[in-house]
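Trainee: Need coordinates for the following:
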Amino acid sequence: MKKDVIFLYIIALACIVFALVEGISLILMNGKTSTVIGTIVNIKTAVSGSKNNSKWAIMRYNVDEKTYTSCNRIQVPMSSVVGSQIQVCYCIDQPTKLYSGSFTKLVIAFIVAVICVVIGYIKQRGA
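Mentor: The predicted model follows:
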């Protein structure tokens, strides 16, 4: 088996593992989270000066008339600034903990895995 085929299968395996972890997380957190509009109070960029970058924010939001500041950061759009408001998902039992699980991430990881397996199979058969 060629190295490029092995690489594709490794990528597929990593995507499947990620999708499984994300799926288990979604199942375990089902009914244990809620959403609210929050305000960004602090932003950090993953790599300063990099073209391919991401922003991670600490949020402040109200739950049952009490204000919370998140203890963890969530990824926010690159256009976000301190003071921007976005919808956040928090754990009902621990309102300071934000939850970032996503069914979309699960589906994308699964699609990438299938594409890698198909391409790997085609390359392997053509070799």
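
Trainee: what pairs with residue 86 across the strands?
Mentor: Counting by DSSP bridges, residue 86 is bridged to residue 38.

Trainee: For it, give its distance to residue 8.
Mentor: 36 Å (CB to CB, to the nearest Å). In this view, the C-beta of every residue, glycine as well, is placed from N, C-alpha and C.

Trainee: Which one's more surrounded, the two?
Mentor: Between residue 86 and residue 8, counted using other CB atoms under 10 Å, residue 8 has the larger neighbour count: 22 against 15.

Trainee: Surely that one and residue 118 touch.
Mentor: No. In this structure residue 8 lies outside contact range of residue 118 using CB atoms under 8 Å: 9.2 Å.

Trainee: What are the buried residues along the longest helix belonging to the chain?
Mentor: Criterion DSSP state H: the longest helix present in the chain is helix 3-29. Under the neighbour-count criterion of 16 or more other CB atoms under 10 Å, helix 3-29 has 5, 8-9, 11-12, 15-16, 18-19, 22-23, 25-26 buried.

Trainee: Can you tell me the strand partners of the helix or strand bottoming out on mean pLDDT in the chain and which way each runs?
Mentor: Within the chain, no helix or strand scores below strand 74-76, which has a mean of 91 by mean pLDDT, DSSP states H and E. Strand pairing for strand 74-76, using DSSP bridges, gives strand 55-63 (antiparallel).

Trainee: Alpha carbons of the very next helix or strand once past the strand it pairs with, as CSV, please.
Mentor: Note on strand 55-63: by DSSP states H and E, the next helix or strand toward the C-terminus is strand 66-69. Provided in CSV are the C-alpha atoms of strand 66-69 (Å, rounded to 0.1, in the frame of the first residue of the first chain):
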residue,chain,number,x,y,z
LYS,A,66,-27.8,36.3,37.5
THR,A,67,-24.7,37.4,35.5
TYR,A,68,-22.0,34.8,34.7
THR,A,69,-18.6,35.0,33.1
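
Trainee: now strand 66-69, how far from the chain's geometric center?
Mentor: 23 Å (CA atoms, centre = their mean, to the nearest Å).

Trainee: For it, give me every contacting residue.
Mentor: 41, 58-62, 90, 95-96 (CB atoms under 8 Å, 6 or more residues apart in numbering).
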